[in-house]
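*Asks:* next one to model:
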Amino acid sequence: MALKVLIIEDDVLIARDISYTVEDAGHIVAGIARSTDQAKEMIADARPDCATLNFTLLDGPSTAIAQHLHDLHIPFVLLSNDGERAKQLLPMAPWRVIEKVRQSIELDEALNDLSAELSDD
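*Replies:* Reported below is the predicted structural model:
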């Protein structure tokens with residue numbers, strides 16, 4: 001099952017790299033959001049199956065969008081280089097936490113695992 005993945009990342013180059021990984025894994029990029037407001041708008045418009053989420057966005061920490069995703073039951077993969085700050089989002093139950101330095105390797109696996117899990121539901 002191909003997932004519609006919303007990429008929530010403030011850095012354009014990193015977002016592009018994530019989008020290549022998503023597409024190479026056979027999934028669809030639903031959009032790229034760089035701020036909380038953009039992300040909320042794209043969630044409403046694109047209705048993604050899941051999201052990748054960076055901790056820091058253009059308008060600050062991604063805590064509000066993580067809570068929004070959690071409230072809408074949209075699973076997300078948290079991508080972060082800062083494990084301590086990433087722990088702040090654990091109450092919002094990220095589906096998986098991946099260090100950015102390993103994102104190309106682990107994101108493909110995470111999306112395929114999530115696709116299989118959602119297909120079983």
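*Asks:* I figured A46 hits L6, correct?
*Replies:* Yes - using CB atoms under 8 Å, A46 makes contact with L6 at a distance of 6.3 Å. For every residue, glycine as well, the C-beta is placed using N, CA and C.
*Asks:* quickly list what's touching both of those two.
*Replies:* When contacts are counted by CB atoms under 8 Å, 6 or more residues apart in numbering, A46 and L6 are jointly contacted by 30-31.
*Asks:* who has more neighbours out of these two?
*Replies:* Taking other CB atoms under 10 Å, A46 and L6 do not tie; L6 has more neighbours (28 against 17).
*Asks:* which residues sit in contact with the more buried one?
*Replies:* 30-33, 39, 42-43, 46, 48, 50-52.
*Asks:* so what's the closest residue to K40 other than its chain neighbours up against?
*Replies:* Nearest residue to K40, sequence neighbours excluded (CB to CB, 6 or more residues apart in numbering): H68, at 6.1 Å. Residues near H68 by CB under 8 Å, 6+ apart: 39-40, 43.
*Asks:* could you count how many residues lie near E106?
*Replies:* Counted with other CB under 10 Å, E106 comes out at 17.
*Asks:* where's it, which helix or strand?
*Replies:* Counting by DSSP states H and E, the element that carries E106 is helix 103-120.
*Asks:* what distance separates that helix from the centre of its chain?
*Replies:* Centroid separation between helix 103-120 and its chain, computed with CA atoms, centre = their mean, to the nearest Å, is 12 Å.
*Asks:* what sits against the closest residue to T56 other than its chain neighbours?
*Replies:* Leaving aside its sequence neighbours, T56 sits nearest to D10 (CB to CB, 6+ apart; 6.4 Å). Neighbouring residues of D10 by CB under 8 Å, 6+ apart: 34-35, 54, 56-58.
*Asks:* A strand includes D10, no?
*Replies:* No - going by DSSP: H, G, I helix; E, B strand; the rest coil, the assignment for D10 is coil, not a strand.
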